[in-house]
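In: Next input, structure requested:
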Amino acid sequence: MSKWKEIESYMKSKSIHELKKIRKEDAPTNSNAAGGVDMNPTGLSMKKKKELDARTKEYKLHRRKLDAQRERRKLKAQKNICGSFRKNVKENTDNFSREEFIQEDNVAILRKIVKDKRNMPVKLKDGQMKVDLYTASAFVQTLDKIKKPDTKKKLEFIINKGNKAQFLRTVDVIFK
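Out: Model prediction:
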């Protein structure tokens with residue numbers, strides 16, 4: 001523990017130099033007047049970053065280093081397998097068409113329409129067409145009645161991969 005001194009009793013007997021010393025020691029700790037107290041909440045002193053001036057030699061050297069790093073990265077990306085891999089993936093995704101790989105089974109959709117008793121869209125070559133329950137049930141019954149495998153394949157082909165005109169012509173044939 002620190003011992004407190006009474007300053008006033010010393011003032012009369014001490015010299016001016018000693019009085020200044022006492023006053024410095026007894027200065028309040030939260031005073032900003034002396035300039036020694038840092039008000040930073042972390043308690044660490046704050047240092048200013050040295051700014052680079054574009055006219056100095058240091059900046060020109062820094063600039064040369066940055067340009068050299070960019071050039072090295074560029075050469076590495078050109079030679080690197082990973083860079084060419086990325087390039088190939090990008091080219092292949094641009095050329096990728098999902099329609100070739102995703103096959104819409106419209107026959108299954110027609111059966112689902114009959115089962116759920118609600119209208120659903122069917123995707124055809126040139127767009128979508130909404131099919132009602134009555135038409136779907138006619139298609140399903142016709143598909144189930146056909147015994148020749150060639151005729152059945154042709155009808156399934158028209159339903160799955162045909163266009164709207166072929167689909168409508170088939171509907172007319174089925175209803176006759």
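In: in this structure, which spans are strands?
Out: 120-124, 127-131 (DSSP state E).
In: for the ones you listed, which one ends up most surrounded?
Out: strand 120-124 (a mean of 16; mean count of other C-beta atoms under 10 Å). Any C-beta I mention is one placed from the backbone N, CA and C, and that applies to glycine too.
In: mind listing the helices for the chain?
Out: 7-13, 16-25, 57-79, 81-95, 98-101, 106-116, 133-145, 149-161, 164-175 (DSSP state H).
In: Quick one: mean pLDDT for the first one?
Out: Averaged over helix 7-13, pLDDT sits at 54.
In: Next: stretch 139-158.
Out: Mean pLDDT, stretch 139-158: 92.
In: And for stretch 53-64?
Out: pLDDT averaged over stretch 53-64 gives 85.
In: What residues of it count as buried?
Out: Counting neighbours by 16 or more other C-beta atoms under 10 Å, one finds that stretch 53-64 has no buried residues.
In: can you pull the alpha-carbon coordinates of that stretch into PDB?
Out: Taking Å, rounded to 0.1, in the frame of the first residue of the first chain, the C-alpha atoms of stretch 53-64 are listed here in PDB:
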ATOM      1  CA  ASP A  53       3.800   8.300 -50.900                       C
ATOM      2  CA  ALA A  54       3.900   7.600 -54.600                       C
ATOM      3  CA  ARG A  55       6.800   9.900 -55.100                       C
ATOM      4  CA  THR A  56       9.200   8.100 -52.800                       C
ATOM      5  CA  LYS A  57      11.700   5.400 -53.600                       C
ATOM      6  CA  GLU A  58      10.000   3.000 -51.100                       C
ATOM      7  CA  TYR A  59       6.700   3.200 -53.000                       C
ATOM      8  CA  LYS A  60       8.400   2.600 -56.400                       C
ATOM      9  CA  LEU A  61      10.200  -0.500 -54.900                       C
ATOM     10  CA  HIS A  62       6.900  -1.700 -53.400                       C
ATOM     11  CA  ARG A  63       5.100  -1.200 -56.800                       C
ATOM     12  CA  ARG A  64       7.800  -3.200 -58.600                       C
END
